[in-house]
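Novice: Need a 3D model of the sequence below.
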Amino acid sequence: MAIQTVQFAQAVLDRNESILFVALGGLDVEALHRQPGPDSNPIGWLMWHLTRVQDNHLSAMEGTEHVWMSGRWYERFGRSEDASDRGRGHTSDQVREFRSPGVDVQLAYYKAVRARTDAFLETVSAEDLDRQVPNVAGDGTVPMRVRLEMTVVDNIQHSGQIAYLRGLLEGKGWFAS
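Specialist: Predicted coordinates for the structure are as follows:
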């Protein structure tokens, strides 16, 4: 069952990733910062947040440092050296102030996190899925399977938001069906 669960999670992340990469394709930095409304999350912030969240879940499941920290990705994003900086609880002003370094850096960070996620998932056993790991809220523990579910759901949710925003900002026809 663990292998099926992990394979399913990886397959969903793969399919989601292909849609995500198309949605980001060809966008310039200006497009990454555009907000449809003053309290809306722009594409660049959403992509950064999606990757930071996956990195955070991976770190909790694996018990290791965030790729954000070990790879010094915060420098390429012009952010502070802070593992907790992942967008959770950001105000509208903080979202507006976020500056994306560009699609190439966004995707490089995402690919680094995803490679580590895949390498980790290849080691997961049925027992591991029941192992207690820190809860995302920091208030106790949950079975690893819950953090894995959260990783998949969060990726799908934010990728859908990115694709929707691209269509909203650019109109019909950006995505070849």
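Novice: Quick one: find the helix or strand in the protein with the lowest mean pLDDT.
Specialist: helix 2-24 (a mean of 90; mean pLDDT, DSSP states H and E).
Novice: Buried residues, the following helix or strand past that helix. List them.
Specialist: Tracing the chain past helix 2-24, the next element assigned as helix or strand by DSSP states H and E is helix 29-33. For helix 29-33, burial by neighbour count (16 or more other Cβ atoms under 10 Å) applies to 31, 32. Where you see a C-beta, it was placed from the backbone N, CA and C, and this is true even at glycine.
Novice: Return helix 29-33 as CSV; C-alpha atoms alone will do.
Specialist: Taking only C-alpha atoms (Å, rounded to 0.1, in the frame of the first residue of the first chain), the coordinates of helix 29-33 have been written out as CSV:
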residue,chain,number,x,y,z
VAL,A,29,8.7,39.5,-14.4
GLU,A,30,5.9,42.1,-14.9
ALA,A,31,3.4,39.3,-15.5
LEU,A,32,4.6,37.5,-12.3
HIS,A,33,3.8,40.6,-10.3
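Novice: list the helices and strands the next helix or strand after that helix packs on?
Specialist: Under the assignment DSSP H and E, the closest C-terminal helix or strand after helix 29-33 is helix 43-62. Identification of packing neighbours for helix 43-62 by 3 or more Cβ pairs under 8 Å, 6 or more residues apart in numbering; DSSP states H and E yields helix 2-24, helix 29-33, helix 67-70, helix 103-121, strand 132-134, helix 144-170.
Novice: in the chain, what spans have low per-residue confidence?
Specialist: For the chain, applying pLDDT under 70 flags the ranges 1-3, 173-177.
Novice: and stretch 131-148, which residues are buried?
Specialist: 133, 134, 136, 142, 144, 145, 146, 147, 148.
Novice: How far does that stretch stretch from one end to the other?
Specialist: Taking Cα to Cα, to the nearest Å as the measure, stretch 131-148 stretches 12 Å from start to finish.
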